[in-house]
Every structure is written in C-alpha cells, then in structure tokens.
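Asks: need a 3D model of the following:
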Amino acid sequence: MSHPIKLRARDVKKVFHLRQGPLVALDGVSLDVATNEFVTIVGTSGCGKSTLLHLIAGLIPLTSGTIEVDGRQIDGPGADRGMVFQSYTLFPWLKVLDNVKFALRKLNLSRKEQDEIAREHLRLVGLEGFADAYPSQLSGGMQQRVAIARALAYNPSILLMDEPFGALDAQTRGLMQELLLRVWEQHKTTILFVTHDIDEAIFLADRVYVMTNRPGRIKREIEVTLPRPRDYAIEMSPEFMEIKREIVELIREESMKAIAPTESL
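Replies: Reported below is the predicted structural model:
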C-alpha cells in the first residue's frame, strides 16, 4: 500500500453474551485499509463480516482490540465514517433532496450550501431529476443511489458498505457496481465493502480479505491487480478467473469445516 493508512484494526474480538452462553463472533481480526483504497471482505454466512463493519462504524462496542481511523481510536459513531446498509435506510416522509440534506444538518452550512451539496451528490449518482420525488416513488436501485449520495455528501473519511446491493436483481446489481466504481474514482474516498458475492468482491476491489468461519478471523489477503477503469468484460479474463478460483477454494474450505461432523475424542 503506497498511500497512508486510513483504517487500522488490530486483534479485534467481539463476544455476544446470549442467554445460552457467550458467542465469539470475531477473534483476533487485524486489517488495514489505505487512503483512497477500495477493499472488500468476503466469507461464509455468519462469519462476522457485518459484525466487523458495525464495530468499525461504532454501532456496537468492541470486546477487545483496537480500531483506528486516521490514527484516532474510535469510541462510537462519528461523522468520519459513512455507512450504507443493505436495506434502503431512507426517510419515507422526506423528499430525495431532503434525505441527502439530512446528512448535512449538523455541519455549519447555510441552507443554500446544503442544497448545493445535496444536488451535486444527486448528480454524481445520476438522480438530479428526482430531487422532489419521495423514496416510495423510486426503484430499489435508485433508493440505494440516494443512500450512497447521502453517505458521501458530508465527506466522510471512509465509507462502510454492508452488502448494499444484496437485495437487488442481478442486472440492477451490475449497473450499481459500475456506478459505484465511477463515483469512487471521481470522489476518491476510501471504501470498505462487505459482500457474499465473490465476483462483486473482485470486480470492485484493490484487495480482498477472506474471512474464516466463525469465530471470524482473516484467512487470507488477496491483492487484485486487474487494471482500472474496469468493465464487465474483465470478468471473463484469465486473471479474474484465477483470483475467483482461489477465493472460491478458500471459502469452500471454511464451509466444509462448518458442516463437518465433530469427531469424537
């Protein structure tokens, strides 16, 4: 990584205390994300991908370990971290423009400045003509574009994305991936993106972290050296297929561990 470190996680552990006993979701996770880098995380279902993202967002507390953004240890949610979820987290009673402006309400900006910034980000995601629409009037993909515009509007230090395209149909999902890459290349933000889709993880990323089965750890870090800008033709390339083969095999190993019967001692 040639750029400075934006996000640093070290020995992150998360234990949930359930009625039936403690559940170790993450145990000893360490990773780095450089400034302006696009990093994806993949792994088996239930391996702790989303839990890790929620810890970085400050939405749930660490059990142990450290997470730093720009060298400062996080201790809760903050404006330095933008979050986009799989569900469309828009306010249904607000128009699209006001949904984006909502992210700017705590900044020392005039109404005119807020309006200009919100409209600029709607243009960025191709929705400048829908400023006065309500979320219910938009498709799922359009609603997620509004959510991305809102998350970027206040210029967070890092954008955290938790399977944001998981609820979309395959065609819309592909278009959203290409849109996100264009926005990322223009905006030059840092993105950490959780997905269960291996093709998506490779297509978007500079690096992919593959996690183990629960308790989640980093199994392998894979550099994606495919040239940018990218389009979907690259998914047919031998280089893409080789990276995919490696990741599929790593996740298959973890899946087999999850379903293998426990041997008696």
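Asks: CA atoms for contacts and neighbours, from now on please.
Replies: Noted.
Asks: how about the helices in the stretch 51-200 of the chain?
Replies: With DSSP state H, counting those that start in this stretch as the criterion, the stretch 51-200 of the chain has helices at 96-102, 111-124, 140-153, 170-187, 198-204.
Asks: got the contact list for stretch 234-249?
Replies: The contact list for stretch 234-249, computed with Cα atoms under 8 Å, 6 or more residues apart in numbering, reads I198, D199, I202, F203, V210, V224, L226.
Asks: wait, which of those is closest to A57?
Replies: Nearest to A57, judged by Cα to Cα, of the contacts of stretch 234-249 is V210 at 19.9 Å.
Asks: report the separation between the closest one and V224.
Replies: For V210, the distance to V224 equals 13 Å [Cα to Cα, to the nearest Å].
Asks: and these two? Which one has more around it.
Replies: Using other Cα atoms under 10 Å as the criterion, V210 and V224 rank with V210 on top: 24 against 18.
Asks: isn't that one right up against V42?
Replies: Yes: using Cα atoms under 8 Å, V210 is in contact with V42, at 5.1 Å.
Asks: mean pLDDT and mean neighbour count added to the helices of the stretch 51-200 of the chain, as a markdown table?
Replies: As requested, the helices of the stretch 51-200 of the chain are exported to a markdown table (pLDDT from 0 to 100; neighbours: other Cα atoms under 10 Å):
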| stretch | mean pLDDT | mean neighbour count |
| --- | --- | --- |
| helix 96-102 | 94 | 24 |
| helix 111-124 | 92 | 18 |
| helix 140-153 | 91 | 24 |
| helix 170-187 | 90 | 15 |
| helix 198-204 | 97 | 21 |
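Asks: out of these, which gets nearest to D231?
Replies: Among the helices of the stretch 51-200 of the chain, the nearest to D231 by Cα to Cα is helix 170-187 (7.2 Å).
Asks: can you list the weak-confidence ranges in the stretch 151-265 of the chain?
Replies: Per-residue confidence for the stretch 151-265 of the chain (pLDDT under 70) gives these ranges: 260-265.
Asks: what's near enough to touch G141?
Replies: F165, L168, T172, R173, M176.
Asks: got it, and K6?
Replies: Per Cα under 8 Å, 6+ apart, neighbours of K6: D32, V33, A34, T35, V69, D70, G71, S157, I158, T190.
Asks: could I get these as TSV with distance to M236?
Replies: Formatted as TSV, these follow (distance: Cα to Cα, whole Å):
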residue	distance to M236
D32	29
V33	27
A34	28
T35	29
V69	36
D70	37
G71	39
S157	33
I158	30
T190	27
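Asks: can you select the buried ones among those for me in PyMOL?
Replies: PyMOL command restricting the contacts of K6 to the buried ones, with burial defined by 16 or more other Cα atoms under 10 Å:
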select buried, resi 33+34+35+69+70+157+158+190
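Asks: which among the contacts of K6 gets closest to G126?
Replies: T190 (20.7 Å).
Asks: next, the nearest residue to I5 once chain neighbours are set aside: phi, psi?
Replies: Distance criterion Cα to Cα, 6 or more residues apart in numbering; nearest residue to I5, sequence neighbours excluded, is A34 at 4.2 Å. When read as degrees, to the nearest 10, the backbone of A34 gives phi -80, psi 160.
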